[in-house]
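**Q** Need a 3D model of the sequence below.
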Amino acid sequence: MGDEQAARPFTAWTHYPMRGSGEGAFSEQEGNLLAILGTHGEREGAVLNSYAQLVEHCEDEGTRYLGQLILDDEERHHRIIDEMLNQVRSVVEDLDIEPKTPSMVGRVSDDLLAETKRLLAFEKEDLAELRRLRKDLKHAKAFPLLSLLVTLMIQDTRKHIEILKFIRSSA
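**A** This is a model prediction of the structure:
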């Protein structure tokens, strides 16, 4: 495929032929994956503007703070979706499209495995500590935002645990 094909931006309405129906064709599953990632990326992009408006125009400092937390997450999600889409496109279109998610070799050194286990233990301890803090904050009526923030940190810590378990299972 030429440079013109590589430069073509993906849209959910782009036709992706089936493998076997000509040069560069690929499966229905691959086409569906491209369409799902493409449309999700477009939706993420549209919602970013709404969150940015909320943050910019909200008079309440607490709501602005929470809106910024969401905006930061949505920007990261949008970047990851784009990288996932580029990874799939790179494979199915036999192109090198950047930025994309990296490939995983599936091998973890003994040192990395030991460090992963140590970090996993830390995250589990952190999770227990955050749960205790959230319980204490239930009685601190003067700080309702803090309880929510601790709940969000618990969710992040659970995510960290999942990531570390994934790395450990790659050993």
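
**Q** if I read this right, residue 64 contacts residue 51, doesn't it?
**A** No: at 10.9 Å, residue 64 does not count as touching residue 51 under the criterion of CB atoms under 8 Å. Placement of C-beta: from N, CA and C, glycine included.

**Q** and the longest helix belonging to the chain, what does it pack onto?
**A** Longest helix in the chain, counting residues (DSSP state H): helix 61-92. Packing partners of helix 61-92 (3 or more CB pairs under 8 Å, 6 or more residues apart in numbering; DSSP states H and E): helix 28-57, helix 144-169.

**Q** can you rerun that using 7 Å?
**A** Judged by 3 or more CB pairs under 7 Å, 6 or more residues apart in numbering; DSSP states H and E, the packing partners of helix 61-92 are helix 28-57.

**Q** per the record, what domains does this protein have?
**A** 3-92, 110-169 (automatic domain parsing).

**Q** mind putting those in CSV, mean pLDDT, mean neighbour count and distance to residue 98 included?
**A** CSV is the format used below for the domains of the chain (pLDDT from 0 to 100; neighbours: other CB atoms under 10 Å; distance: least, CB to CB, whole Å):
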stretch, mean pLDDT, mean neighbour count, distance to residue 98
domain 3-92, 79, 14, 7
domain 110-169, 95, 14, 23
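
**Q** now the ones you listed in TSV, with distance to residue 101?
**A** Formatted as TSV, these follow (distance: least, CB to CB, whole Å):
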stretch	distance to residue 101
domain 3-92	4
domain 110-169	13
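
**Q** Let me know the helix or strand that residue 123 is in.
**A** For residue 123, the enclosing helix or strand under DSSP states H and E is helix 110-137.
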